[in-house]
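**Student:** Show me the folded form of this:
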Amino acid sequence: MAIVKMNKFTLLTFESKKQKLLREIQGLSNVEFINLQDDEFLEKYEELKSLAKDDIDLEYSKYEENLSKAKFALEFLKKYVPKKSGLKSLQEEKLTLTLDELDEKVKASKWEESYNKAKEKEAELANLDSNITKLQAEIDTLIPWQDLDVAFSEIKDLKNTSYFLGTIAKSYEDTLLEELSNAYVEIISRSSNDINLLILSNKEDSENVSEVLRGVGFSAFKTEHKDVPMKLILEFKHQIEELQSKKFFIEEEIASFEEDLKKLELAYDYFVSKVERVKVSTNFLKTKNICAIQGWIAQEDNEELKSICSNTLKNDYYIEFEDVKEDEIDDVPIKLKNGELVSAFESVTGMYSYPKYNQIDPTPLLAPFYLIFFGMMVADVGYGLLVLIGAALALKFLKLDEGKKDFAKFFLYLSFPTIFFGAIYGSFFGDIITLPTQIIDTNKDVMTIVILSLALGVIQIFFGLFIKVYSLIRIGKAKDALLDPGSWIITLLSIGGIAAVKFLKLPNILGNIFIGTAIIGAILIVIGGGREEKSTGAKIGQGLYSLYGITGYVGDLVSYTRLMALGLAGGSIAGALNLLIHTLPGVAAIVIGPILFVLFHIFNLGLSLLGAYVHTARLQYVEYFGKFYEGGGRPFKAFKVSEKYIKIKRN
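**Tutor:** Prediction:
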């Protein structure tokens with residue numbers, strides 16, 4: 001239950017056999033390649049500069065093009081092919097294939113025909129949408145003129161009369177009417193700022209009219225249409241309806257392309273894997289005929305990689321495994337390996353930071369505290385049972401991927417301390433019944449819960465400090481272990497001993513002993529805090545300042561009162577909701593009461609789970625990890641096949 005022991009491997013083989021080997025390694029899914037082409041790496045190992053940088057194969061562009069086709073077609077079809085309901089989709093397991101079976105299925109699937117069908121239908125829909133947009137634009141243009149009761153062609157065909165059709169600003173209306181008193185002016189429509197109008201005048205007056213219109217900023221309306229505006233609008237609307245009908249039938253046809261969608265999903269995973277397999281060559285170096293590959297692998301998988309090389313390359317390869325060197329500590333990717341229970345909490349570690357290779361895995365060290373703290377914060381038997389049943393049903397009946405399965409297990413395990421502390425607090429959906437298991441009354445024993453919360457905080461803080469001592473001694477830094485966490489352990493335990501002597505009225509000699517050890521601890525803090533400084537004055541000053549760290553420990557301890565606060569808050573809200581439901585009059589209590597009970601408690605359960613999740617994590621990250629854990633590692637990223645739509649098993 002710790003960080004998996006890693007090895008670095010160096011593999012040499014013929015360039016001509018590289019892709020065949022990479023295919024098998026990709027199916028293995030337990031190798032992460034080192035970028036030998038990185039400039040910093042080459043500066044470090046100058047003897048490798050004479051080697052050429054490997055590059056992508058000529059087939060790369062073809063695979064990229066095919067992947068783009070599959071991706072385009074998938075995105076298009078998914079808009080129209082009906083999706084399975086969320087629950088139904090989770091109940092169906094992904095299609096499981098070997099790499100060979102995937103190759104055969106994709107080659108036999110004629111997926112490009114499915115792509116062509118999707119592309120053709122996309123073009124048809126795009127054309128229809130374009131035409132609809134154009135027609136709607138024509139309608140929008142004609143709307144201001146819909147009250148014009150003559151055809152545009154009739155106006156244009158006037159022989160002895162000049163016409164002006166257009167728009168002016170509303171503010172010029174009176175000026176226009178006054179200056180064109182000898183012309184016919186008809187206001188067709190008005191908007192908030194403009195007036196749309198038709199002006200008719202004698203041919204001989206047309207120049208004067210034009211001059212007036214220029215003065216008021218007249219904007220002429222030009223159109224190629226001949227009919228009456230309203231008739232044109234109705235015709236265009238009819239055409240839009242016809243186009244939308246065609247669009248509907250095409251979309252209905254596309255909705256039946258479920259088999260095409262499945263073919264394209266296979267093609268997508270196939271070509272993503274192909275592209276990655278070709279791109280990965282940009283990590284390697286080569287001579288004319290030989291390819292040099294380096295990577296990281298778990299030591300327990302070494303024999304499997306050897307077997308893959310032997311079966312694929314026969315004798316045409318050389319492989320060497322090395323233990324991690326001191327100067328490679330920061331570069332090693334991290335794989336965690338824990339038991340069934342603890343592995344569910346690896347996501348908590350991952351959200352903070354993975355450990356470095358020479359550090360300890362904090363997951364087993366945080367899991368017990370996380371369980372206890374989460375249980376104290378939710379602390380309701382009813383809520384715990386709901387979480388337990390929900391998580392158990394999800395694990396039993398749903399086909400979850402590894403990430404979702406771990407998430408379900410995570411909450412399954414958290415349900416047990418929730419039920420446990422709920423039983424101790426006597427809480428079942430708040431206060432609807434009093435449980436016989438009640439030991440602590442949240443209404444009367446608040447101080448008891450505060451003391452329990454602080455006691456758990458003390459335990460976790462000291463546990464973190466002792467882990468730090470162990471971690472430093474483990475890497476040969478016993479002096480640092482004494483001067484850093486060790487000095488605080490001595491000081492804090494001594495302060496606690498002094499307080500115990502005073503409140504429990506123990507013999508004064510014990511108090512004197514604790515005072516002496518507290519002074520020793522404080523001296524060690526001063527020495528340790530200033531030991532990195534150069535001058536004596538700076539050493540003393542920095543050391544004395546380090547004593548101020550005692551306030552940080554006080555603040556950390558106070559943070560644990562959130563265990564009390566959230567536990568009481570959730571129970572109080574639940575009780576208030578129950579009281580509200582009990583106040584409903586007769587029939588309403590029978591009809592509406594159960595509905596409100598379910599809705600209110602689902603809401604409160606969500607709030608309680610979210611609050612507990614966030615605040616429990618916060619206690620781990622700040623108060624606990626701050627005592628011993630640095631992190632800074634990166635998770636292992638295996639070179640593997642794409643499994644977005646399918647699941648790959650070993651050949």
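**Student:** And the longest helix anywhere in the chain, what's buried?
**Tutor:** Across the chain, the helix with the greatest residue count (assigned by DSSP state H) is helix 111-142. Of the residues in helix 111-142, those with enough neighbours to count as buried (16 or more other C-beta atoms under 10 Å) are 111, 114-115, 117-118, 121-122, 125, 128, 131-132, 135, 138-139, 142. C-beta here means a position set from N, CA and C on the backbone, and glycine is covered the same way.
**Student:** and what of stretch 209-216?
**Tutor:** By neighbour count with 16+ other C-beta under 10 Å, stretch 209-216 contains the buried residues V209, V212, L213.
**Student:** Among the buried residues of helix 111-142, which one sits closest to L506?
**Tutor:** Compare each of the buried residues of helix 111-142 with L506 using C-beta to C-beta and the shortest gap goes to W111, at 81.2 Å.
**Student:** In this structure that closest one contacts L264, no?
**Tutor:** Yes - using C-beta atoms under 8 Å, W111 makes contact with L264 at a distance of 5.8 Å.
**Student:** ok, and the closest non-adjacent residue to S192?
**Tutor:** K170 (7.9 Å; C-beta to C-beta, 6 or more residues apart in numbering).
**Student:** Would you enumerate the residues in contact with that neighbour?
**Tutor:** Neighbouring residues of K170 by C-beta atoms under 8 Å, 6 or more residues apart in numbering: R190, S191, S192, N193, D194, I195.
**Student:** Show me what L200 is bridged to.
**Tutor:** Using DSSP bridges, the bridge partners assigned to L200 are Y163, Y184.
**Student:** Contact partners for it?
**Tutor:** L158, T161, S162, Y163, F164, A183, Y184, E186.
**Student:** what pLDDT does it get?
**Tutor:** Here, the pLDDT recorded for L200 equals 91.
**Student:** now I648, what's its secondary structure?
**Tutor:** Applying DSSP: H, G, I helix; E, B strand; the rest coil to I648 yields a three-state assignment of strand.
**Student:** Actually, S494.
**Tutor:** For S494, the assignment made with three-state DSSP gives helix.
**Student:** From L482, how far out is it?
**Tutor:** S494 sits 15 Å away from L482, taking C-beta to C-beta, to the nearest Å as the criterion.
**Student:** Check Y624 too.
**Tutor:** Summarising the geometry, the distance separating Y624 from L482, computed by C-beta to C-beta, is 22 Å.
**Student:** quick one: which of those two has more around it?
**Tutor:** Each of Y624 and L482 had its neighbours counted (other C-beta atoms under 10 Å), and the higher figure belongs to Y624 (24 against 18).
**Student:** Surely that one is within a helix?
**Tutor:** Yes - secondary structure of Y624 (three-state DSSP): part of a helix.
**Student:** need the contact list for it.
**Tutor:** The contact partners of Y624, by C-beta under 8 Å, 6+ apart, come to L366, F369, Q460, I461, G464.
**Student:** Recalculate using a threshold of 6 Å.
**Tutor:** Counting by C-beta atoms under 6 Å, 6 or more residues apart in numbering, Y624 makes contact with Q460, G464.
**Student:** Can you read off the pLDDT for G567?
**Tutor:** According to the predicted model, the pLDDT of G567 comes to 86.
**Student:** same question, L87
**Tutor:** Note for L87: predicted pLDDT of 61.
**Student:** Ranking by neighbours, what's the top pick from the contacts of K170?
**Tutor:** I195 (20 neighbours).
**Student:** helix, strand or coil for that residue?
**Tutor:** Here I195 is strand, with the state taken from three-state DSSP.
**Student:** for it, which residues make a bridge with it?
**Tutor:** Beta-bridge partners for I195, by DSSP bridges, are I168, R190.
**Student:** Report the contact partners of it.
**Tutor:** The neighbours of I195, taking C-beta under 6 Å, 6+ apart as the test, are I168, K170, E173, I187.
**Student:** Pipe these into JSON lines and attach secondary structure, distance to L619 and pLDDT per row.
**Tutor:** Listed next are those as JSON lines, based on DSSP: H, G, I helix; E, B strand; the rest coil; distance: C-beta to C-beta, whole Å; pLDDT from 0 to 100:
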{"residue": "I168", "secondary structure": "strand", "distance to L619": "71", "pLDDT": "91"}
{"residue": "K170", "secondary structure": "helix", "distance to L619": "67", "pLDDT": "91"}
{"residue": "E173", "secondary structure": "helix", "distance to L619": "73", "pLDDT": "87"}
{"residue": "I187", "secondary structure": "strand", "distance to L619": "74", "pLDDT": "91"}
